[in-house]
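# need coordinates for the below:
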Amino acid sequence: MLTARLLAAACLAVGAITGITPAAAGAAALPAADPQPLTFACPVGTQATRFNPGFNVELRDVAFDGTGTFGGCVGVLPDPRLPVTGNSTVSGRGLFSCLVPGAGSGTFRINWNTGRFSTIQITFVTARPNGNNVVIQQGTVTGGLFQGYAFRQVIVLATTDVLACYTEQGVKATAGPSDLLFTKI
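Take a look at the predicted model:
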């Protein structure tokens with residue numbers, strides 16, 4: 001009991017000297033809680049991806065990297081702490097082809113307009129309708145905003161140079177619309 005009284009007296013003395021009240025000291029020490037919506041979506045986005053080597057009619061092991069932008073982001077309930085836009089980077093490896101589905105894995109990072117970030121370890125599968133790559137990426141947010149949330153992204157990477165599918169060099173770059181969805185687990 002005496003120790004508690006001495007501690008309280010010391011805190012009041014420090015407060016008197018510095019002008020910091022115990023309530024203000026406690027408030028400054030506690031960060032604002034992260035928003036925790038059940039779901040969070042960014043329905044408007046684009047992604048551009050580069051491939052090395054390019055993919056062609058053969059199923060190839062390919063390294064990829066890309067960038068994207070997202071907007072119109074919203075949670076189930078409005079919350080001013082939630083981001084409304086973001087810029088992304090992605091990199092990884094996978095099996096790609098102009099003719100058959102592929103799969104792979106990588107790291108996806110979003111830098112939000114709020115100054116926060118989200119890092120996601122992803123796996124993906126591709127479908128090949130009409131020579132285009134429809135990519136479905138999914139994973140779990142491993143760091144930053146929405147940590148622990150499930151993540152899903154659908155991207156339509158249009159192949160504008162279909163003839164490149166029939167060359168050794170292959171398709172080196174694609175771009176197209178994308179969306180993002182985060183779901184609390």
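# can you give me the helices for this protein?
2-18, 22-29 (DSSP state H).
# buried stuff in the longest strand seen in the chain?
When the chain is parsed with DSSP state E, its longest strand is strand 39-55. By 16 or more other C-beta atoms under 10 Å, the buried positions in strand 39-55 come out as 40-42, 45-51, 54-55. Backbone N, C-alpha and C define where each C-beta goes, glycine included.
# that one - what's its average pLDDT?
In this model, strand 39-55 carries a mean pLDDT of 95.
# that one pairs with which strands?
As defined by DSSP bridges, the strand partners of strand 39-55 come to strand 60-71 (antiparallel), strand 74-75 (antiparallel), strand 171-183 (antiparallel).
# mean neighbour count, those: which tops it?
Mean neighbour counts were taken over the strands paired with strand 39-55 using mean count of other C-beta atoms under 10 Å, and the top value, a mean of 19, falls to strand 171-183.
# still on that earlier bit, do you know which of the strands paired with strand 39-55 lies nearest Arg116?
strand 171-183 (12.7 Å; C-beta to C-beta).
# what about Cys73, how many neighbours?
Neighbours of Cys73 under the rule other C-beta atoms under 10 Å: 21.
# just checking, it touches Cys42?
Yes: with contact defined as C-beta atoms under 8 Å, Cys73 reaches Cys42; the gap is 4.1 Å.
# any common contacting residues for these two?
Taking C-beta atoms under 8 Å, 6 or more residues apart in numbering as the contact rule, Cys73 and Cys42 both touch 85-86, 180.
# closest to Ile120 out of the residues you listed?
Closest to Ile120, out of all of the shared contacts of Cys73 and Cys42 and judged by C-beta to C-beta, is Leu180, at 9.6 Å.
# next, the buried residues of stretch 142-153.
Quick answer for stretch 142-153 (16+ other C-beta under 10 Å): 144-146, 149-153.
# and which of those residues is nearest Val100?
Gln153 (21.4 Å).
# once you drop chain neighbours, what's closest to the closest one?
Of all residues not flanking Gln153 in the chain, Gln137 sits nearest, at 4.3 Å (C-beta to C-beta, 6 or more residues apart in numbering).
# residues contacting the one you found?
So Gln137 contacts 108, 122-124, 151-155 (C-beta under 8 Å, 6+ apart).
# just Ala48 next, same as before
66-68, 173-175.
# ok, the residue lying closest to it once chain neighbours are set aside to Phe51 distance?
Once flanking residues are discounted, Ala48 sits nearest to Ala175: 3.9 Å by C-beta to C-beta, 6+ apart. Look at Ala175 and Phe51: by C-beta to C-beta, to the nearest Å, they are 12 Å apart.
# how about the strands paired with strand 39-55 in TSV, adding distance to Ala164 and mean pLDDT?
TSV is the format used below for these (distance: least, C-beta to C-beta, whole Å; pLDDT from 0 to 100):
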stretch	distance to Ala164	mean pLDDT
strand 60-71	13	97
strand 74-75	38	92
strand 171-183	5	95
